[in-house]
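Novice: Provide a 3D model corresponding to the input given below.
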Amino acid sequence: MITFACGKCGKSFSVPATFAGRTAHCKKCGAKLTVPRPPERVVPVPPAGMVPLRTRRLLADAEQMKSTFRDFEPIQVVSIDGNPPDLYRVEYRVKGLEPGRDGRPAPRGHHAVEIQLTADYPRVAPHCKILTPIFHPNIDTTTICVGDHWTAGERLADVVIRIGEMLAYQAYNIKSPLDGEAAMWADLNAAKLPTDNRNLHPPARE
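Specialist: Below is the predicted model of the structure:
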């Protein structure tokens with residue numbers, strides 16, 4: 001409700017907020033009135049020291065992701081969503097494998113990954129999901145197992161690099177696989193690995 005008074009006789013009125021800006025006449029003295037608009041609610045901006053820890057971490061991650069992978073051909077951050085950012089799509093130009101015919105893997109050079117930073121991040125590790133076909137012991141259609149031991153101090157950029165190393169078969173674990181068939185293949189074909197031996201750590205920037 002908007003409460004205001006006639007500027008001529010002082011009679012008070014209360015009208016719904018939807019009447020703001022409309023004109024009428026005072027019922028007491030007949031003077032022309034314009035229903036005032038309610039003052040805009042100002043949301044105070046908290047001082048830097050009061051910004052929630054998770055928000056500060058998400059903003060720092062976003063800046064770091066942009067700077068780390070800028071102009072780095074093997075790993076590209078193609079989209080960032082959320083305010084503050086909490087969802088990333090990352091594409092890899094890395095020689096990896098996808099399921100082929102007769103249980104044999106086939107080469108694949110392009111991979112897409114989604115990284116979701118949940119409400120419990122950074123206390124809990126990011127949820128990483130492959131969006132393209134993959135043949136790897138530690139990756140299935142729902143999860144990329146980036147490691148059993150996560151600490152809140154780990155960099156998101158390091159997780160992205162680790163996924164690239166997994167796609168290139170520079171990193172894999174056949175002892176606790178998500179894909180048993182891929183684990184068996186990797187065990188029998190260790191001499192053919194990695195599928196991509198490039199250094200997937202972007203060069204340090206000044």
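Novice: Please save the CA atoms from the longest helix along the chain in PDB.
Specialist: Looking across the chain with DSSP state H, the single longest helix is helix 53-69. What follows is helix 53-69, C-alpha atoms only, in PDB (Å, rounded to 0.1, in the frame of the first residue of the first chain):
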ATOM      1  CA  LEU A  53      33.600 -17.500   1.300                       C
ATOM      2  CA  ARG A  54      32.000 -19.600  -1.400                       C
ATOM      3  CA  THR A  55      31.100 -16.500  -3.500                       C
ATOM      4  CA  ARG A  56      34.700 -15.300  -3.300                       C
ATOM      5  CA  ARG A  57      36.000 -18.700  -4.200                       C
ATOM      6  CA  LEU A  58      33.700 -19.000  -7.300                       C
ATOM      7  CA  LEU A  59      34.700 -15.500  -8.500                       C
ATOM      8  CA  ALA A  60      38.400 -16.300  -8.100                       C
ATOM      9  CA  ASP A  61      37.900 -19.700  -9.900                       C
ATOM     10  CA  ALA A  62      36.300 -17.900 -12.800                       C
ATOM     11  CA  GLU A  63      39.100 -15.500 -13.200                       C
ATOM     12  CA  GLN A  64      41.700 -18.200 -12.900                       C
ATOM     13  CA  MET A  65      40.000 -20.400 -15.400                       C
ATOM     14  CA  LYS A  66      39.900 -17.600 -18.000                       C
ATOM     15  CA  SER A  67      43.500 -16.700 -17.600                       C
ATOM     16  CA  THR A  68      44.900 -20.200 -17.300                       C
ATOM     17  CA  PHE A  69      43.300 -21.600 -20.500                       C
END
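Novice: quick one: contacts of that helix?
Specialist: For helix 53-69, the surrounding residues in contact (Cβ atoms under 8 Å, 6 or more residues apart in numbering) are 75-77, 80, 82, 84-86, 88, 90, 117, 121-122, 155-157, 160, 202, 205. No exception for glycine: its C-beta is placed from N, CA and C like everyone else's.
Novice: Show me what secondary structure element comes after it.
Specialist: Using DSSP states H and E, the helix or strand that follows helix 53-69 towards the C-terminus is strand 75-81.
Novice: buried residues in that following strand?
Specialist: Neighbour-count burial for strand 75-81, counted by 16 or more other Cβ atoms under 10 Å, picks out Ile75, Val77, Ile80.
Novice: Over to stretch 23-42?
Specialist: By neighbour count with 16+ other Cβ under 10 Å, stretch 23-42 contains the buried residues Cys26, Leu33, Val35.
Novice: phi, psi of Arg101?
Specialist: phi -90, psi 150 (degrees, to the nearest 10).
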